[in-house]
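**Q** Make a model of this:
(2 chains)
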Amino acid sequence: DARVTQTPRHKVTEMGQEVTMRCQPILGHNTVFWYRQTMMQGLELLAYFRNRAPLDDSGMPKDRFSAEMPDATLATLKIQPSEPRDSAVYFCASGLDQAFEQFFGPGTRLTVL
Amino acid sequence: GEDVEQSLFLSVREGDSSVINCTYTDSSSTYLYWYKQEPGAGLQLLTYIFSNMDMKQDQRLTVLLNKKDKHLSLRIADTQTGDSAIYFCAESTDQTGANNLFFGTGTRLTVIP
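**A** Numbers count the residues shown, from 1 in each chain, chains lettered A, B, ... in the order given. The predicted model follows:
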């Protein structure tokens, strides 16, 4: 059955290292969202793509975060260099423009030591 | 900007009804959503309501919208232990669908057997 996949599911890294998280949206979906979930801030939208073009990345710290869609089947979120405050669960979601539902992946739990 | 608020915790006994409340500030909201997050998983859409509706019922779920007071509620009838999860209210002002969702902090529902 169709679902959003994310890799890795868990990542532990040391401060200063580069982290790359990957997302495979549901085939045929043309919108992709990256969210970050923490206890303190809740669920925050980091970036939003439509037809692979970034539409809104205002929620993303630009100095260290970058989000791309190399092709329609892959979205990436990179953090370089990573910091302990980046520790969170990062969710990818995909959907169809003009539809009512975003389909969430299982998330990547990132721990930066 | 948009602000969506929820109480953080709710406990109910199995078989009772649960009512989860949400308030939002943006009067131009077009769609309002309830998402469910089970432990270790991503968010899953439960139901949504268009802003020109007052009520929507789907099996054990009843959504009530008071647009004047900007208040949304989710009632779960005959609450089961499997309903234990975090419930997120979300709103969108996008006329075309589920883009640019703004999520509340989530309400953790605990069902006591």
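**Q** wait, residue A:91 sits on residue A:34?
**A** Yes. In this structure, residue A:91 sits in contact with residue A:34. The criterion is CB atoms under 8 Å, and the distance is 7.4 Å. Quick note: C-beta positions are derived from backbone N, CA and C, even for glycine.
**Q** Look through chain A and state the residue closest to chain B.
**A** Per CB to the nearest CB, residue A:104 is where chain A lies closest to chain B, at 3.2 Å.
**Q** can you pull up the bridge partners for that residue?
**A** In this structure, residue A:104 has beta-bridge partners residue A:93, where bridges are defined by DSSP bridges.
**Q** go on, residue A:6?
**A** On DSSP bridges, the residues paired with residue A:6 through beta bridges are residue A:23.
**Q** Against residue B:61, how distant is it?
**A** Taking CB to CB, to the nearest Å as the criterion, residue A:6 is separated from residue B:61 by 28 Å.
**Q** For burial, what's the neighbour tally of residue 80?
**A** With no chain named, the answer covers chain A. Other residues within reach of residue A:80 by the criterion other CB atoms under 10 Å in any protein chain shown amount to 13.
**Q** I was thinking of chain B, sorry if that wasn't clear
**A** Applying other CB under 10 Å, we find 12 residues neighbouring residue B:80.
**Q** Unless I'm misreading it, residue B:38 sits right up against residue B:85, doesn't it?
**A** Yes. Residue B:38 sits in contact with residue B:85 when judged by CB under 8 Å, with a separation of 4.8 Å.
**Q** In terms of packing, which of these two has more residues around it?
**A** Taking other CB under 10 Å, residue B:38 and residue B:85 do not tie; residue B:85 has more neighbours (21 against 13).
**Q** distance of the residue of chain B found nearest chain A from residue A:107?
**A** Per CB to the nearest CB, residue B:42 is where chain B lies closest to chain A, at 3.2 Å. Taking CB to CB as the measure, residue B:42 falls 6 Å from residue A:107.
**Q** between the two, what contacts are shared?
**A** The contact sets of residue B:42 and residue A:107 overlap at residue A:91 (CB atoms under 8 Å, 6 or more residues apart in numbering or on different chains).
**Q** quick one: residue A:61 from residue A:4, how far?
**A** Using CB to CB, which is the criterion applied here, residue A:61 is 24 Å from residue A:4.
**Q** ah, wrong one, I meant residue A:11
**A** Using CB to CB, one gets 18 Å for the distance from residue A:11 to residue A:4.
**Q** and what of residue B:61?
**A** Taking CB to CB, one finds residue B:61 at 23 Å from residue A:4.
**Q** the more surrounded of these two?
**A** Using other CB under 10 Å, the more surrounded residue of residue B:61 and residue A:4 is residue A:4, with 24 against 15.
**Q** now the more buried one, nearest residue through space, not along the chain?
**A** Once its chain neighbours are removed from consideration, residue A:4 has its nearest residue in residue A:105; the separation is 3.7 Å (CB to CB, 6 or more residues apart in numbering or on different chains).
**Q** Good, we can wrap up now.
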